[in-house]
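**Student:** predicted structure and sequence below. I'll ask about it afterward.
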2 protein chains.
Amino acid sequence: MTMVGVSKEKKAQRRRHIAETALRLFAERGFDAVTVNEIAEAAGVAKVTLFNYFPSKEALVLDVVEEDTAAVVAARAPDQTPLAALRAHYLAFSERAAEVDVEQLMVRMRVIGQSPTLLAGVQRLRYGQRAALARALDGRESCPAPDDLTDDLMADLMAAQIIATIQLLQETFFERLAAGMSLREAGERLRPDVERAFDLLERGHGS
Amino acid sequence: MTMVGVSKEKKAQRRRHIAETALRLFAERGFDAVTVNEIAEAAGVAKVTLFNYFPSKEALVLDVVEEDTAAVVAARAPDQTPLAALRAHYLAFSERAAEVDVEQLMVRMRVIGQSPTLLAGVQRLRYGQRAALARALDGRESCPAPDDLTDDLMADLMAAQIIATIQLLQETFFERLAAGMSLREAGERLRPDVERAFDLLERGHGS
DNA sequence: CGATAATGCGAACCGGGTTTACTTCTGAAC
DNA sequence: GTTCAGAAGTAAACCCGGTTCGCATTATCG
């Protein structure tokens, strides 16, 4: 063993360079109209090297997008329910929204939104997330419930509903950005949406 | 070897023959381990012809599968909430489960359940369903709620949570079939799962 | 009977992704 | 400084899903 990083610095840099080159090409001509050969050539590496850094063409765009609801749940305060932790997390995001790197994010989202392939890829990412969240929910009792309600099925059900909810909030958010709304305004509009979404999760459809 | 006499009847028959050949091979060796060339050869047609009947390898398995939650909601009794209608619908399915064409369905579902590609494809199909359900929910107020709670966002949120819930129930059902459980038993086990899932939707995670 | 459209075919092609077999670069030990 | 192991890079060939192309067969209908 011992392999001492081959200047992990350079590696990360090269990886970033490849991803940025790819995103630029995708933004110019669309995801499907750019071949990986072109990306590799434009980035000055071999195709094999590209696939050494990224497992697939999709990953060139998507590997940054990952969100980690499971981590939010796992790291919550001991007296906080998972839903409360997630609500707080997304409320916090809605306030930070204006600070994000606008250009980079919007270009990426535009590229994703215009490619069915990438949209499907995003959906697939959420699949793994759901499993992770279910595990996190199952880790301890999720709330001071009357009894042991959180078995496997229950955790899976809750995770599925939570992920679906967050997915819809994100879609709404990005649709507003795509429609030309400013990041700040989209962030402000997101806040009440988050509140209502989590209210619905907590109190149910029976109102 | 050219034998083709084709008049609508024969075409449907040929299509069925191709799909059945494909499903048999998939069941024997798994979706990813079978190439379309093999399928075409085993079915006695050219690869081009196969893709003339089916738009993709996935479609060989998936084009039979479809569900329509929106229709269930739209056709419910006037005094019934959407959730009640859906609950009743899936409870009814769990009782009918044993009557379905066992072999064909089980083979198909086992194949789907064992292939991430096909699972993703199923998930993609559900995307359009969510929009349809949201429209159906928005059609009238969903329940005798105190006030007008069902605007666009609310309908979208509810649809997303409902679809995610049903999806999970189906996955669980098919996983059990894939694990070798009989259709009858899987149907029986499905019933309490449906009850709990819709209880969760109605009453929320706050318990 | 002959023309037209539909359908089928083999084969070549395309693009994403993998394998192979060979080089080069690095960094650490002598 | 030289050497040596292995990490990382590369070109080229290959695999597979899917498409395109040019040609052959047939079905139908005037």
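**Tutor:** Ah, there it is.

**Student:** where does residue A:180 land in three-state SS?
**Tutor:** Put simply, residue A:180 is coil when judged by DSSP: H, G, I helix; E, B strand; the rest coil.

**Student:** and it, what pLDDT?
**Tutor:** On the pLDDT scale, residue A:180 is placed at 85.

**Student:** same check on residue A:184?
**Tutor:** pLDDT for residue A:184: 88.

**Student:** give me the domain ranges for chain A.
**Tutor:** Per automatic domain parsing, the structural domains of chain A span A:3-60, A:69-205.

**Student:** from one end of the longest one to the other, what's the distance?
**Tutor:** If I follow you right, that is domain A:69-205. Start-to-end span of domain A:69-205 (C-alpha to C-alpha, to the nearest Å) is 23 Å.

**Student:** returning to that earlier point: tell me which of the domains of chain A sits nearest to DNA strand D.
**Tutor:** If you check each of these against DNA strand D by C-beta to the nearest atom of the strand, domain A:3-60 wins as the nearest, at 3.0 Å. Bear in mind the C-beta positions are built from the backbone N, C-alpha and C, glycine included.

**Student:** centre of the chain to that closest one, how far?
**Tutor:** Here domain A:3-60 shows a centroid-to-chain-centroid distance of 20 Å under the convention C-alpha atoms, centre = their mean, to the nearest Å.

**Student:** next secondary structure after the lowest-mean-pLDDT helix or strand in chain A?
**Tutor:** Between all helices and strands in chain A, the lowest mean by mean pLDDT, DSSP states H and E belongs to helix A:102-113, at a mean of 85. Next along the chain after helix A:102-113, taking DSSP states H and E as the criterion, comes helix A:116-139.

**Student:** what's the angle from that next one to helix B:116-139?
**Tutor:** 90 degrees (axes from the mean of the first three to the mean of the last three C-alpha atoms, to 10 degrees).

**Student:** quick revisit: give the buried residues for the least confident helix or strand of chain A.
**Tutor:** A:105, A:106, A:108, A:109, A:111, A:112, A:113 (16 or more other C-beta atoms under 10 Å in any protein chain shown).

**Student:** does the fourth one really touch residue A:175, like I thought?
**Tutor:** No: the criterion here is C-beta atoms under 8 Å, and residue A:109 misses it with residue A:175 at 9.7 Å.

**Student:** count of neighbours near residue A:119?
**Tutor:** Residue A:119 has 15 neighbouring residues, counting by other C-beta atoms under 10 Å in any protein chain shown.

**Student:** which SS class is the closest residue to residue A:187 other than its chain neighbours?
**Tutor:** Nearest non-adjacent residue to residue A:187, counting by C-beta to C-beta, 6 or more residues apart in numbering or on different chains: residue A:97, 2.9 Å away. Recorded secondary structure, residue A:97: helix (three-state DSSP).

**Student:** test for you: state the pLDDT assigned to residue A:97.
**Tutor:** Listed pLDDT for residue A:97 reads 82.

**Student:** what sits against residue A:194?
**Tutor:** A:87, A:90, A:91, A:94, A:169 (C-beta atoms under 8 Å, 6 or more residues apart in numbering or on different chains).

**Student:** go again using 6 Å as the cut-off
**Tutor:** Neighbouring residues of residue A:194 by C-beta atoms under 6 Å, 6 or more residues apart in numbering or on different chains: A:90, A:91.

**Student:** next SSE after the one helix or strand residue A:158 maps to?
**Tutor:** Here residue A:158 sits within helix A:152-178, counting by DSSP H and E. Using DSSP H and E, the helix or strand that follows helix A:152-178 in sequence is helix A:183-203.

**Student:** that following helix: which residues count as buried?
**Tutor:** Going by neighbour count (16+ other C-beta under 10 Å), the buried part of helix A:183-203 is A:183, A:186, A:187, A:190, A:193, A:194, A:196, A:197, A:198, A:200, A:201, A:202.

**Student:** one more: stretch A:56-71?
**Tutor:** The neighbour-count check on stretch A:56-71 (16+ other C-beta under 10 Å) flags A:57, A:58, A:60, A:61, A:62, A:67, A:69, A:70 as buried.

**Student:** which residues are in contact with stretch A:63-72?
**Tutor:** Residues from elsewhere that reach stretch A:63-72 (C-beta under 6 Å, 6+ apart): A:85, A:86, A:89, A:132, A:133, A:136.

**Student:** who's in contact with the fourth one?
**Tutor:** With contacts taken as C-beta under 6 Å, 6+ apart, residue A:132 has the following neighbours: residue A:70.

**Student:** and it, what pLDDT?
**Tutor:** Reported pLDDT for residue A:132: 93.

**Student:** relative to helix A:102-113, how tilted is the helix holding residue A:158?
**Tutor:** Helix A:152-178 and helix A:102-113 meet at an angle of 110 degrees, taking the same axes, to 10 degrees as the criterion.

**Student:** please name every helix or strand in contact with helix A:152-178.
**Tutor:** Packing partners of helix A:152-178 (3 or more C-beta pairs under 6 Å, 6 or more residues apart in numbering or on different chains; DSSP states H and E): helix A:116-139, helix A:183-203, helix B:152-178, helix B:183-203.

**Student:** if we use 10 Å, what do you get?
**Tutor:** helix A:69-74, helix A:82-96, helix A:102-113, helix A:116-139, helix A:183-203, helix B:116-139, helix B:152-178, helix B:183-203 (3 or more C-beta pairs under 10 Å, 6 or more residues apart in numbering or on different chains; DSSP states H and E).
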